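1. Just a sequence and a predicted model for now, questions to come.
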Amino acid sequence: MYYLLTYQVVADYLDRREQYRDEHLKLANDYVEQGFLLLAGAKGDPIDGAYLVFKADSAEVVEAFAAADPYVKNKLVTRWTVEPWHVVVGSCLENPVL
């Protein structure tokens, strides 16, 4: 199952993220290496949030990521949500459902 983690961030996110960025990227890369995190990045211009795409057996994996993320723990993220994402088309699909 795919999951979409959506972040909303504070207005001064770019100014405040630097001190937490290395720890955030380490966490993200750990999840990539484990095969859970597929894509991630900031969105908007100016940046107002981020999208992170996970592949996992349950939303608990994604929720654990968010709970451990220094951006969340240090209140750079004002709101986050996890939603199942029912992907039907794409090159990363092993067994597409059409």
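-> Now that the structure is in, tell me what you want to look at.
2. Compute the mean per-residue pLDDT across stretch 72-88, please.
-> Averaging pLDDT along stretch 72-88 yields 96.
3. who's in contact with the residue nearest the centre of the chain?
-> In the chain, the residue lying closest to the centroid (CA atoms, centre = their mean) is L52, at 2.8 Å. With contact taken as CB atoms under 8 Å, 6 or more residues apart in numbering, L52 is in contact with 4-7, 28, 37, 39-40, 62, 65. C-betas here are computed from N, CA, C, even on glycine.
4. Among those residues, which are located in helices?
-> 28, 62, 65 (DSSP state H).
5. Tell me how far the last one lies from S58.
-> As defined by CB to CB, to the nearest Å, F65 lies at a distance of 12 Å from S58.
6. Neighbour count for these two, which is higher?
-> Taking neighbours as other CB atoms under 10 Å, F65 and S58 compare with F65 leading, 24 against 11.
7. Secondary structure element holding the nearest residue to the more buried one once chain neighbours are set aside?
-> Leaving aside its sequence neighbours, F65 sits nearest to Y31 (CB to CB, 6 or more residues apart in numbering; 5.8 Å). Per DSSP states H and E, Y31 falls inside helix 18-33.
8. give me the number of residues near the residue lying closest to A56 once chain neighbours are set aside?
-> Leaving aside its sequence neighbours, A56 sits nearest to F36 (CB to CB, 6+ apart; 5.2 Å). If you count neighbours by other CB under 10 Å, F36 ends up with 20.
9. and if you look at the one 3 residues further on?
-> Number of residues near L39 (other CB under 10 Å) recorded here: 11.
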